[in-house]
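J.: pasting the structure only:
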């Protein structure tokens, strides 16, 4: 259950900016201004930061915990902790990267607290095998994504990611969906750089195979083994 | 000339452009001469690309409402502490 009582929100956290600056430097500078305003308990400024990243943090939490209620707990805990520790944000990294680290920590804590949890902790070594294996090789069509509606495409992509082992799924999520660097991913998950790279390679190859079943060129059914 | 297994081991770093120039030349030589690895390389690149372009879906309205209420309560309590 969400750990905060649900009450009708007054939503007094008004919008500070209608548009997000487009260039990375401008965006970083503008976000730092919002963070500084939020440090002075400016509800509108922090509300703007929440609105910018709530969807991404919820997606992250849901992909790691695989549970709607846990994801909502993580979402709330992440933003509450971020608010409590705003003074620790130095501005050396992007605000979002800092937020993701908190979100990953909260998600991992949630997994550890599950009494019936049988999942492998994400920061423990997993057997990634000696060599990556490729089973299916087929050329994809020109624009295979266009064969599907947006809803169908999202379902295909989501199901493919969800079918990965948690250790691979989380690394893929941080590196290729949230676009953290290898170093940031390693730090967030408490893994070595080598472990991140190894898991990422396997996640990418496994997803490639799963998507090939949907995206391969019509009539192109070449199978091969490496 | 690299083997296919050696190429695969380096595929992620190759796509992330985080290999040194010498290794990159070896990888490019292999992929331009190996149809299977060319396809694997191309489809892995497109796999990464399709996920990078994926927008996060809207969170449920009630989840958003409870989040904003929780944040608002937190900020109000911090103000009172001052």
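T.: Structure received. Since the structure is predicted, the reported quantities are computational estimates derived from the model, not experimental observations. Residues are numbered from 1 along each chain as shown, chains lettered A, B, ... in the order given.
J.: Just the helices from chain A, written as ranges.
T.: A:24-39, A:43-65, A:68-84, A:95-113, A:150-162, A:166-172, A:182-189, A:193-215 (DSSP state H).
J.: Check whether the first one comes near chain B.
T.: If I follow you right, that is helix A:24-39. No: against chain B, helix A:24-39 shows no contacts by C-beta under 8 Å from any C-beta of the partner chain, the least distance being 8.5 Å. Backbone N, C-alpha and C define where each C-beta goes, glycine included.
J.: circling back: for the helices of chain A, which one sits closest to residue A:135?
T.: Residue A:135 lies closest, by C-beta to C-beta, to one member of these: helix A:193-215, at 6.3 Å.
J.: Next, the angle from the closest one to helix A:150-162.
T.: 140 degrees (axes from the mean of the first three to the mean of the last three C-alpha atoms, to 10 degrees).
J.: If you count contacts, what does helix A:193-215 end up packed against?
T.: helix A:150-162, helix A:166-172, helix A:182-189, helix B:4-15, helix B:35-52 (3 or more C-beta pairs under 8 Å, 6 or more residues apart in numbering or on different chains; DSSP states H and E).
J.: which parts of it are buried?
T.: Within helix A:193-215, the residues that count as buried by 16 or more other C-beta atoms under 10 Å in any protein chain shown are A:195-212, A:214-215.
J.: Let's test this: mean pLDDT of it, rounded?
T.: Mean per-residue pLDDT for helix A:193-215: 94.
J.: Please apply the same query to stretch A:140-152.
T.: Mean predicted confidence for stretch A:140-152 is 84.
J.: any idea which of the helices of chain A is most buried?
T.: helix A:166-172 (a mean of 24; mean count of other C-beta atoms under 10 Å in any protein chain shown).
J.: ok now that one, how far from the chain's centre?
T.: 10 Å (C-alpha atoms, centre = their mean, to the nearest Å).
J.: any idea of the pLDDT on residue A:125?
T.: For residue A:125, the pLDDT comes out at 54.
J.: give me the low-pLDDT residue ranges for chain B?
T.: Counting by pLDDT under 70, chain B has no low-confidence residues at all.
J.: biggest helix in it by residues?
T.: Longest among the helix segments of chain B by residue count, using DSSP H, is helix B:61-81.
J.: Spit out the contact partners of residue B:37.
T.: B:4, B:7, B:8, B:30, B:31 (C-beta atoms under 8 Å, 6 or more residues apart in numbering or on different chains).
J.: Same question for residue A:28.
T.: Counted by C-beta under 8 Å, 6+ apart, residue A:28 has contacts A:91, A:94, A:95.
J.: Output these in JSON lines, with pLDDT appended to each entry.
T.: As requested, the contacts of residue A:28 are arranged in JSON lines below (pLDDT from 0 to 100):
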{"residue": "A:91", "pLDDT": "81"}
{"residue": "A:94", "pLDDT": "85"}
{"residue": "A:95", "pLDDT": "91"}
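J.: for those, which one is nearest chain B?
T.: residue A:95 (15.4 Å; C-beta to the nearest C-beta).
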